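Colleague: My questions concern the predicted model and sequence given below.
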Amino acid sequence: MIIYKHGNDIFEPQKSAFRTTESTTKLSASETKVLQYLIENNGEIITREKLLEIGWPNKVVVPNSLNVAIANLRKAFKTKIEIIITIKGAGFTIAKNTFIQHTIQPEPISLVNEEMDAEKSEKKSISSHNDGHSISKSKRQLFQTVSFSVSVVVVFTWVTLWVSSWQSPPCISFNEQEICGNIELLNLEDLPKTASRSLYIDFKGNIYEAQ
């Protein structure tokens, strides 16, 4: 199963859900498709027409349907950072490396059964006032091994997210140009007629050729 992480927040396309540390928001099928497409094409400007096609395939809908979907997604994010960026006169984008893709492997059924059997055995032992040592040594070792493995995965994931948070500034690609900085202030009409392949936008919206 594929999930996408943004800091501590998690987008689960298969469950049509976006989870933050505070709450879980259930997304509509269209909102899920739009968000996943933007994430998988991060750094590219996606037109409104394309997103309408992705979110509502083979359906005739009013253009405002996309505005409502984007607004609902931004409410789900519950963050001060504008994840979905509006590019005036062009469409929408998500900056590169905003989300990190992870593949979650399902836990082996045999391992789950063993842990359930161990838990049942322990409860039975307590209720019958036995000596409390009915869980075999091998199962205790298995539990310790699983716990250690989970801890390693958690630490590795945290370090990965911490490192990714330092990837600054956000960048997108447009017409074979790399545009970085405060891209939420980008107006395509203001782009200079230049051959430079790298541009930078400061906090006031001024555009410079990257050195």
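Modeller: Perfect, I can see it now. Bear in mind the structure is a predicted one, so any value in this text is a computation, not a measurement.

Colleague: going forward, measure contacts and count neighbours with C-alpha atoms only.
Modeller: Fine.

Colleague: Give me the neighbour count for the nearest residue to residue 48 once chain neighbours are set aside.
Modeller: Once flanking residues are discounted, residue 48 sits nearest to residue 91: 5.2 Å by Cα to Cα, 6 or more residues apart in numbering. Residues contacting residue 91 under the criterion other Cα atoms under 10 Å number 16.

Colleague: Tell me what residue 91 is bridged to.
Modeller: Judged by DSSP bridges, the bridge partners of residue 91 are residue 87.

Colleague: Contact partners for it?
Modeller: 45, 46, 47, 48 (Cα atoms under 8 Å, 6 or more residues apart in numbering).

Colleague: tell me the contacts of the first one?
Modeller: By Cα under 8 Å, 6+ apart, the contact set of residue 45 is 87, 90, 91, 92, 93, 172, 173, 174.

Colleague: mind redoing it with 10 Å?
Modeller: 38, 85-87, 90-95, 172-175 (Cα atoms under 10 Å, 6 or more residues apart in numbering).

Colleague: Kindly state the pLDDT recorded for it?
Modeller: With respect to pLDDT, residue 45 scores 95.

Colleague: same thing with the last one?
Modeller: Reading off the confidence values, residue 48 has pLDDT 94.

Colleague: wouldn't it be in contact with residue 56 here?
Modeller: No - Residue 48 lies out of contact with residue 56 (Cα atoms under 10 Å); the separation is 11.8 Å.

Colleague: Any chance you could list residues touching both of the two?
Modeller: In contact with both residue 48 and residue 56: residue 66, using Cα under 10 Å, 6+ apart.

Colleague: pLDDT weak spots in the protein?
Modeller: Counting by pLDDT under 70, the chain shows low-confidence ranges at 80-81, 106-139, 143, 146-169, 194-196, 210-211.

Colleague: residue boundaries of the helices in it?
Modeller: Using DSSP state H, the helices found in the chain span residues 29-40, 48-55, 64-77, 109-127, 137-164.

Colleague: how deep is residue 44 tucked in, by neighbour count?
Modeller: There are 20 residues near residue 44, going by other Cα under 10 Å.
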